[in-house]
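Student: output the structure for:
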Amino acid sequence: MSPESITPNALRDWPLPEPGAGKYGRGQVLVIGGAARTPGAAMLSALAALRVGAGRLTLAVAASVAAEVSVAVPESGVQPLDEDDAGHIAVGALTAAEDDAGSADAVLVGPGLDEPDGARDLVGRIAAAVGPRRTSCSTPSRSVSQRTSPTSSRHCVAAS
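Tutor: Numbering: from 1, shown residues only. Here you go, the predicted structure:
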């Protein structure tokens, strides 16, 4: 799958949602990021997902900022993630968001993750949680999975 530029003309060609269609028909997005010191990056990414038409949104962020994030982005669900003493998302914290990852149509990992080794571990774990129906999942430094499926609509994207 090659990247596609999103231009104003491309957006004008997108159809409007069907009347009466539910939020699940518009796609489910999970954003994993937002360490204690950087929750805004995950929030901005989540709002962008809503602006391009996501129907259901979940933010998985550090537990210490989860309440504030849920107030700031009330249209999303918020999943608190364990963090270490420094406020970084803890390795293994993804367990709390695995159900959301398994049902998401798109997963964005990275905005606001401020510890590179932990972020790399999260990307590897999310690739396993999303499962074989994913399209691709990679980090800027290395590919985690190159498996593709012609019938897949799932995407796992790692941001830095």
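
Student: quick check: which element contains Val71?
Tutor: helix 66-72 (DSSP states H and E).

Student: try Ala127
Tutor: helix 116-130.

Student: may I see the buried residues of that helix?
Tutor: Neighbour counts using 16 or more other Cβ atoms under 10 Å place 118-127, 129-130 of helix 116-130 among the buried residues. The way it works is simple: take the backbone N, C-alpha and C, and place the C-beta from them, glycine included.

Student: ok so, going back, helix or strand next in line after the helix holding Val71, which one?
Tutor: Following helix 66-72 in sequence, per DSSP H and E, is strand 77-81.

Student: still on that earlier bit, nearest to Val71 among the buried residues of helix 116-130?
Tutor: Leu122 (24.6 Å; Cβ to Cβ).

Student: which residues of the protein score low on pLDDT?
Tutor: Low-confidence segments of the chain (pLDDT under 70): 1-3, 131-160.

Student: what segments of it are strands?
Tutor: Under the criterion DSSP state E, the chain carries strands at the ranges 28-32, 56-62, 77-81, 106-109, 137-138, 143-145, 155-158.

Student: among those, which is the most enclosed?
Tutor: strand 28-32 (a mean of 29; mean count of other Cβ atoms under 10 Å).

Student: packing partners for it?
Tutor: Where contact means 3 or more Cβ pairs under 8 Å, 6 or more residues apart in numbering; DSSP states H and E, strand 28-32 is packed against helix 39-51, strand 56-62, helix 98-103, strand 106-109.

Student: quick one on the thing from earlier: and the helix holding Ala127, how far from the chain's centre?
Tutor: Put simply, helix 116-130 sits 12 Å off its chain's centre (Cα atoms, centre = their mean, to the nearest Å).

Student: what of stretch 29-41?
Tutor: Worked out by Cα atoms, centre = their mean, stretch 29-41 lies 9 Å from the chain centre.

Student: for the residue lying closest to Ala49 once chain neighbours are set aside, which residues make a bridge with it?
Tutor: Setting aside the residues directly before and after it, Ala49 is nearest to Val29 in space (Cβ to Cβ, 6 or more residues apart in numbering), at 4.4 Å. Beta-bridge partners of Val29, counted by DSSP bridges, are Leu57, Ala106.

Student: can I assume Val29 is in contact with Thr58?
Tutor: Yes: Val29 sits in contact with Thr58 when judged by Cβ atoms under 8 Å, with a separation of 7.3 Å.
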